[in-house]
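Participant: how would this look folded up:
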Amino acid sequence: MLSISTAFGATTAWQVGTSTWFYGPNWNNGEPDPSPNAFINNGGTAQITLDAGQAVALSLTLGLNPDQWGTVEVSAPFGGLTVGQAIIIGYRGKGNLVITDGDSVMSASASIASLTNELLPPSQGSATLNGGGLWTLSGRFDVGGYNNTPGGVALLNVTNGSTVSAGSVRVYNSGTLTGNGTVSTADGMTIDGTLAPSGTLTIDGNLSFGANANTRCNVSSTSVDNAQVSGAAFLNGKLSVTLNGLFTGDFTLLHASTPYDQFSSYSFTYTGCLSPSIRYVNGTDVVLHVESSCQ
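Facilitator: This next block holds a predicted model:
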């Protein structure tokens with residue numbers, strides 16, 4: 001189980017709207033130190049932006065119950081957050097975490113949109129890293145579930161020089177990984193949901209796709225959404241490609257040190273007289289090949 005219950009020790013809960021993390025009266029039991037479990041459930045936003053050292057907590061939960069939600073913003077000039085156990089972004093409720101401008105977050109593990117809520121709307125969560133943000137996890141990162149159990153609707157967006165580094169990453173059926181930054185894993189990444197690069201998304205490690213995974217890429221004459229995988233890529237699922245404009249040529253959608261198997265199906269969205277197809281080239285690349293079908 002996730003360590004979010006009062007049975008796991010002291011707690012402190014956010015009780016204002018948008019304000020600084022570093023002001024004790026903003027919490028019902030004072031600003032978190034390394035020992036309490038911190039909760040933001042009242043729709044408020046805790047901002048970690050002051051030159052006050054690292055914000056800390058034992059665990060952090062944003063949106064514990066279905067009718068609750070919370071946000072944390074970690075941004076320049078001096079922000080930083082260290083959590084000894086898990087960061088939970090939308091357990092049964094809704095949560096958002098934003099890391100920008102080169103600031104950093106560290107935690108043992110994380111889950112975005114942990115549970116499905118059988119008779120209620122699913123949990124929802126998003127984590128956005130932008131402008132060189134860094135999130136370092138010593139353990140697992142679950143996007144759209146927790147501990148091999150599918151959860152709610154989750155988004156992990158890693159953009160513009162930002163990096164997520166984790167022991168392992170799993171994107172469940174209802175989860176999406178997007179961006180043009182870097183995701184680094186020691187034990188590999190599994191995609192059961194959606195991989196949607198927006199530019200070049202770098203995967204530092206091995207990458208495996210489940211049977212229901214969907215890889216989405218947009219391609220034009222001047223831009224190509226693509227994944228660059230430093231390790232092996234075990235291909236499966238569907239590859240969906242949207243072609244914007246009229247153009248021809250070859251466009252690399254995925255590069256890996258060693259790709260295994262192939263995508264099980266393809267779909268192409270385009271207008272005009274084009275003839276797209278997928279080729280596997282040089283033992284390393286998945287390539288969109290586009291010819292003109294005009295007579």
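Participant: Any stretches of the stretch 151-295 of the chain with poor pLDDT?
Facilitator: 295 (pLDDT under 70).
Participant: same thing but 90
Facilitator: 258-259, 283, 293-295 (pLDDT under 90).
Participant: how about W135, what does it touch?
Facilitator: Neighbouring residues of W135 by CB atoms under 8 Å, 6 or more residues apart in numbering: I99, S104, V105, M106, S107, A110, A127, L129, T163, V164, S165, A166. Just so you know, the C-beta spots here come from the backbone N, C-alpha and C atoms, and that holds for glycine as well.
Participant: Please flag which of these sit within strands.
Facilitator: Judged by DSSP state E, the contacts of W135 include I99, S104, V105, M106, S107, A110, A127, L129, T163, V164, S165, A166 as members of strands.
Participant: rewinding a little: output the contacts of W135 as JSON lines; include the columns neighbour count.
Facilitator: Conversion of these to JSON lines gives the following (neighbours: other CB atoms under 10 Å):
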{"residue": "I99", "neighbour count": "28"}
{"residue": "S104", "neighbour count": "18"}
{"residue": "V105", "neighbour count": "27"}
{"residue": "M106", "neighbour count": "18"}
{"residue": "S107", "neighbour count": "23"}
{"residue": "A110", "neighbour count": "29"}
{"residue": "A127", "neighbour count": "27"}
{"residue": "L129", "neighbour count": "29"}
{"residue": "T163", "neighbour count": "18"}
{"residue": "V164", "neighbour count": "27"}
{"residue": "S165", "neighbour count": "19"}
{"residue": "A166", "neighbour count": "24"}
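Participant: got JSON lines for those residues, with distance to V224 too?
Facilitator: What follows is the contacts of W135, written out as JSON lines (distance: CB to CB, whole Å):
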{"residue": "I99", "distance to V224": "27"}
{"residue": "S104", "distance to V224": "30"}
{"residue": "V105", "distance to V224": "30"}
{"residue": "M106", "distance to V224": "33"}
{"residue": "S107", "distance to V224": "33"}
{"residue": "A110", "distance to V224": "30"}
{"residue": "A127", "distance to V224": "25"}
{"residue": "L129", "distance to V224": "22"}
{"residue": "T163", "distance to V224": "21"}
{"residue": "V164", "distance to V224": "22"}
{"residue": "S165", "distance to V224": "25"}
{"residue": "A166", "distance to V224": "26"}
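Participant: isn't V98 right up against E73?
Facilitator: Yes. Here V98 reaches E73: they are 4.8 Å apart, a contact under CB atoms under 8 Å.
Participant: Bridged to the residue most central in space within the chain, which residues?
Facilitator: Relative to the mean C-alpha position of the chain, the nearest C-alpha, by CA atoms, centre = their mean, is the one of L156, at 1.9 Å. Beta-bridge pairing of L156 under DSSP bridges involves A127, L177.
Participant: what secondary structure does G272 sit in?
Facilitator: Here G272 is recorded as coil under DSSP: H, G, I helix; E, B strand; the rest coil.
Participant: got the phi/psi numbers for the closest residue to it other than its chain neighbours?
Facilitator: Spatial nearest neighbour of G272, chain neighbours left out: L246 (4.8 Å); criterion: CB to CB, 6 or more residues apart in numbering. Per-residue torsions, L246: phi -110, psi 120 (degrees, to the nearest 10).
Participant: Relative to N157, how far out is the nearest residue to Y260 once chain neighbours are set aside?
Facilitator: Closest residue to Y260 apart from its sequence neighbours, by CB to CB, 6+ apart: F234 at 4.9 Å. Note on F234: its distance to N157, by CB to CB, to the nearest Å, is 24 Å.
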